[in-house]
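*Asks:* got a structure for you, letters missing:
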């Protein structure tokens, strides 16, 4: 089984000959096996084969075209201009008939489209081509007769044939007499070259569209690539439009209605639903924007995605008709599995530090407590996702999520903890590639995107007042991967991984809407710029930097940073001013990797007294912040020239800047710095290179590359993998230190078995060769010093129709245990000779297999 990393994002899609990315062959074979599984289901009426006819021969049937595109990675999704570039007509290029059987595939094509199809199908097992030579194809009458004869021959051994009659979202009533009118099917009845009778009288036809739709709806590396490169980009664009509605002056922001704010989500969803032909309208799969006390359980359960209310405004949906304290929002992909919901706040969740630690104002305290409840909900959902990834159990995930929420609420100074717990719901829904909710307990559920959601409904006034504040909601879409692993003792265990696909949508956001909050933020700006600032002398600042926290649920915030002799000020357009005085710091360190291409990191270990002065999402399990200064930026240069030296001198607080090396970074600090470095790399494209949203993904989803590798292995097969093989498959093998590589010379030996008999591979001969090769190697090693000793690699080249398992078994069953333990299989490469044939007009692919042992 050849397993490679999935096609990397940002590279051309595998839609043209030679454009297949690494891993496409394994995904293509996996897709074919999924289709073939329909033919192996235990059913009396299961078909013997699935017939896919393209072009005019099926009257351009969309169901057949959809199946061909699934197997050929969208080859026939190209528009007319793409076909025109080839110089051939569309009728010639889609002159294709495919018959899929449970253990083989027959493919009719012509000499022109053969070379276009070959890169997509060459690795299919037991593939039979029906194709004329170029000279023969010039005779049009002979070519048509050959096509009919090939079609008759392909279906000869079948009695029941499945037809992909309808495409997804366009279900048609199956009519075998419509199929009988397809030109190639009509030709089946021709005397002399046909099949001696009408096709529909000789074969029992059945519609397999619904079974195929279930196959198409599963996620695999190629459909995941499409989800990330197309659907997720469009999904995030709606959120950008949503946030743009709030980038306005406060008087206008206060007059925003739910309908106006939710317009991007409404248009995206409703227009997509029209074109998707999906009739399901589950409340869990509809967008909403609800302000303040309008976000009650009754309104959330109604799921009215039309946003009919123009009367619910930011300024009037809070307690007693005051400003709303928050809003709950949800965006849903209309034709895909993505969906996520958030709770955002109107007002500051902190009070800037101005040299004293006065008690928080009552209004700020209300929002701070509400945001802390939401933060506990976020942590609970993520804990539930982690549990579900490991156990695949909704019951256990719900239990863990509930316990995590309870722990988060216990840490808060609240009167209504028990009430909040009783108003909590948690669920996980499984969603297929078309956006339809499917059973979470189904055997195919592993291959579907899931959405985990927690809601705390109808929260009472947290300061003991009357009325209801509304609800808080949080959900994420995630995908899991599972690999079965065979341990040394024979037991089979699982290795799991997951990726939160919507993690880049901001989980925390707030807008200052009340005059006193805006004035306080402005006052902070004025105070720190005064001659007698409590932060000391102004050094430099005003340029952009990124603020990271130890809270794994939050993402870095971009803002302007000002440095003073006694601390710093971080200004954010939504959260306002964040003041960090050295009086609140335990230590402050600096890391730059001794390189001008590495992000410089200011690492701050702060005291608990700073927490009331930090936005809630910067509160973490450890009191730690990191300010990332990107190389070549103005603030990066200004820090070295204006801040570095003064901060290294001991301040009144006893603090001084300490320069550390990489080995001085904690695991958490390394994680954050790696994330910042990825972000810098994608935001700093090479000269002439355009910045692409796709290239931002690894920085916005730091675990993406690791998950893609895991998913590339787990999604193509459920067969157990040996524990010793897993690190190689996941590319986690130990890297040889650089100083050792210099002396580890490699010599190559080649085993090439001559085909002098009917057997393509002779196991006993191969085993004798291995014994002799090992003995010769040991004799050489005894005469060589350790310094010049060479590593030996054995290249095994086999011609013909050798099965992989034969070679593996020959090595694993070698009678000499010493030989068996001395050789391991490093790689398998299959070289195809597509023009090797054993029968006129019938190609069967011969291969050279090269093994690196």
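*Replies:* Thanks, I have it. Computed from a predicted structure; not experimentally measured.
*Asks:* residue ranges of the helices in the stretch 751-853 of the chain, please?
*Replies:* Along the stretch 751-853 of the chain, counting by DSSP state H, counting those that start in this stretch, helices occupy 763-783, 804-812, 817-822.
*Asks:* what's the angle from the first one to helix 804-812?
*Replies:* Read that as helix 763-783. With axes from the mean of the first three to the mean of the last three C-alpha atoms, to 10 degrees defining the directions, helix 763-783 sits at 50 degrees from helix 804-812.
*Asks:* which strands and helices lie in contact with helix 763-783?
*Replies:* Contacts defined by 3 or more C-beta pairs under 8 Å, 6 or more residues apart in numbering; DSSP states H and E place helix 763-783 against strand 745-752, strand 790-800, helix 804-812, helix 817-822. From N, CA and C alone the C-beta is placed, and that goes for glycine too.
*Asks:* let me see the mean pLDDT of it.
*Replies:* Across helix 763-783, pLDDT averages out at 80.
*Asks:* buried stuff in it?
*Replies:* Under the neighbour-count criterion of 16 or more other C-beta atoms under 10 Å, helix 763-783 has 766-767, 769-770, 773-774, 777 buried.
*Asks:* and which of those residues is nearest residue 57?
*Replies:* Proximity of these to residue 57 (C-beta to C-beta) peaks at residue 766, which lies at 47.1 Å.
*Asks:* immediately after the longest strand along the chain, which helix or strand?
*Replies:* Identified as the longest strand of the chain according to DSSP state E is strand 468-486. Downstream of strand 468-486, the first helix or strand assigned by DSSP states H and E is strand 492-500.
*Asks:* Throw the helices of the stretch 751-853 of the chain into JSON lines and include distance to residue 74, thanks.
*Replies:* Formatted as JSON lines, the helices of the stretch 751-853 of the chain follow (distance: least, C-beta to C-beta, whole Å):
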{"stretch": "helix 763-783", "distance to residue 74": "41"}
{"stretch": "helix 804-812", "distance to residue 74": "29"}
{"stretch": "helix 817-822", "distance to residue 74": "45"}
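*Asks:* closest to residue 373 out of the ones you listed?
*Replies:* That would be helix 804-812 among these, by C-beta to C-beta, at 56.3 Å.
*Asks:* tabulate the buried residues of helix 763-783 (CSV), appending distance to residue 625.
*Replies:* Output for the buried residues of helix 763-783, formatted as CSV (distance: C-beta to C-beta, whole Å):
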residue, distance to residue 625
766, 61
767, 62
769, 62
770, 59
773, 59
774, 58
777, 56
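*Asks:* residues in contact with stretch 484-500?
*Replies:* 382, 385-386, 389-390, 476-483, 701, 703-704, 706-707, 710-711, 714, 718-723, 726 (C-beta atoms under 8 Å, 6 or more residues apart in numbering).
*Asks:* quick one: least confident helix or strand in this structure?
*Replies:* helix 738-741 (a mean of 37; mean pLDDT, DSSP states H and E).
*Asks:* just the helices and strands packed on helix 763-783: most buried one?
*Replies:* strand 790-800 (a mean of 16; mean count of other C-beta atoms under 10 Å).
*Asks:* in the stretch 301-450 of the chain, which spans are strands?
*Replies:* With strands called from DSSP state E, counting those that start in this stretch, the stretch 301-450 of the chain shows them at 326-332, 339-346, 424-431, 437-438, 449-460.
*Asks:* who's in contact with residue 636?
*Replies:* Applying C-beta under 8 Å, 6+ apart, we find residue 636 in contact with 600, 629-630.
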